[in-house]
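Participant: Quick one: sequence and predicted model below, then my questions.
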Amino acid sequence: MSKIHLIATSAFGIEAVVGRELRNLGYEDQSVENGRVIFSGDEKAICKTNLWLRTAERVLVRVGEFTALSFEELFEKTKALPWDEWIPENAEFPVEGKSINSKLFSVPDCQAIVKKAVVEKLRQKYNRQWFDETGPRYVIEISLLKDVATLTIDTSGAGLHKRGYRKLVGEAPLKETLASAMLLISRWNKDRVLIDPFCGTGTIPIEAALIGRNIAPGLNREFVSEQWPSIPKKLWTEAREEARNMSVPERELIIHGYDISEDAISLARYHTKQAGVEDCIHLQRRAVADLSTKYKYGVIMCNPPYGERLGEIKEVEKLYKQMGTVIRPLDTWSYYIISSHPEFERLFGKRADKKRKLYNGRIQCNYYQYFGPVPPRKKPELPAEQPAGVKND
């Protein structure tokens, strides 16, 4: 299998960010669509993208795509696909499904038909009537959108937002993939100070540290396709070794995370340790009203409460006004804030330079971006042994 058609799925609004990540990994042959980026690669691409993609939800093998207007058509076209090139004789292959604006709207029926078609294909390959399904796992999905059926196999297993460091979950957690998207959309980089005044259990600071030190987000977790015989173990070993060699664990970063909840800060400390970045993230219990900094330039990024629950809205609106009072005077800083409140800018007291629609789970939000001045570039220092004013020959 020299060329494999793959799909990196994503939350709505960050498809272009996923596409940029893929290009940075060397996958230029791609098309960006709603909720997904289609690209091509080889077996190593499965290893590399699962390890490195920070903003994608999953990496799928696209086995086939076709129009299906009847169950018979769905069966025959599914059966014709090369399932035997991927699924071994002892594999477990459950079928999941979804259908949107299609004539074949019964998802359970579609799942049953796809399962039957795949079994029929494998019977031809392995010359047997029954499959025990006790081996490696291949989750097949039938996705119908406007009568177009896309058949895929999931290579990731648990969603890519599960990096492996967040063992304990606090209230209203921010997905790791969304936190990374916020960072990659912003103008933050490893040389700038970052403060999250609503850090919760530490997701934004941790994702910033992983980006700043070039640590692959999937380095410390497993993927379902690691058990597939069609992908040599050597490829996974090489991809992980390459990722370890590319990380810069000693790079100094200035990242601060504050939260009014001591329990949240306690969880954040645990998570930074699990992620191996506790040495570069300063965590402290502090209310947003007490926000202060000694640095002239930097980035504030946060996911404050939205007031989604009944009775919370007044408190949240008061909080947004307080944020404006505290943060706006930092006029040499940039700040990036995600919120679902439609009147955020009015309450905060300033119109954003740019805003972008993002989804925090199923909640539609705006990502408000306020751009401060670019920090002056540091003048290069002369070597210690060379006095100022002395030129080399």
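Facilitator: Structure received. Numbering: from 1, shown residues only.

Participant: and the nearest residue to residue 249 once chain neighbours are set aside, backbone torsions?
Facilitator: Leaving aside its sequence neighbours, residue 249 sits nearest to residue 213 (C-beta to C-beta, 6 or more residues apart in numbering; 5.7 Å). Where you see a C-beta, it was placed from the backbone N, CA and C, and this is true even at glycine. When read as degrees, to the nearest 10, the backbone of residue 213 gives phi -100, psi 10.

Participant: what number of residues lie near residue 213?
Facilitator: 18 (other C-beta atoms under 10 Å).

Participant: Please apply the same query to residue 248.
Facilitator: When neighbours are counted by other C-beta under 10 Å, residue 248 registers 12.

Participant: give me every residue that touches it.
Facilitator: For residue 248, the contact set (C-beta atoms under 8 Å, 6 or more residues apart in numbering) comprises 213-214.

Participant: Now do it against residue 217, distance only.
Facilitator: With distances taken as C-beta to C-beta, to the nearest Å, residue 248 is found 15 Å from residue 217.

Participant: next one: residue 319
Facilitator: For residue 319 relative to residue 217 (C-beta to C-beta), the value is 31 Å.

Participant: before we move on, what about residue 367?
Facilitator: Going from residue 367 to residue 217 by C-beta to C-beta gives 20 Å.

Participant: Give me the more crowded residue out of those two.
Facilitator: Using other C-beta under 10 Å as the criterion, residue 367 and residue 217 rank with residue 217 on top: 27 against 24.

Participant: all strands for the protein, in order.
Facilitator: Secondary structure of the chain (DSSP state E): strands located at 4-9, 30-33, 36-41, 58-67, 95-100, 140-145, 148-154, 194-196, 255-259, 281-285, 298-302, 333-339, 354-360, 363-370.

Participant: Of all the ones you listed, which one comes closest to residue 187?
Facilitator: strand 333-339 (5.9 Å; C-beta to C-beta).

Participant: Could you list the paired strands of that closest one along with their orientation?
Facilitator: strand 298-302 (parallel), strand 363-370 (antiparallel) (DSSP bridges).

Participant: All the helices of the stretch 101-250 of the chain, residue numbers only.
Facilitator: 107-126, 176-185, 203-212, 233-246 (DSSP state H, counting those that start in this stretch).

Participant: Which elements pack onto the third one?
Facilitator: Of the remaining helices and strands, those touching helix 203-212 by 3 or more C-beta pairs under 8 Å, 6 or more residues apart in numbering; DSSP states H and E are helix 176-185, strand 194-196, strand 255-259, helix 262-275, strand 281-285, strand 298-302.

Participant: Quick one: distance of the longest one to the chain centre.
Facilitator: If you compare the mean C-alpha spot of helix 262-275 with that of the full chain, they lie 20 Å apart, counting by C-alpha atoms, centre = their mean, to the nearest Å.
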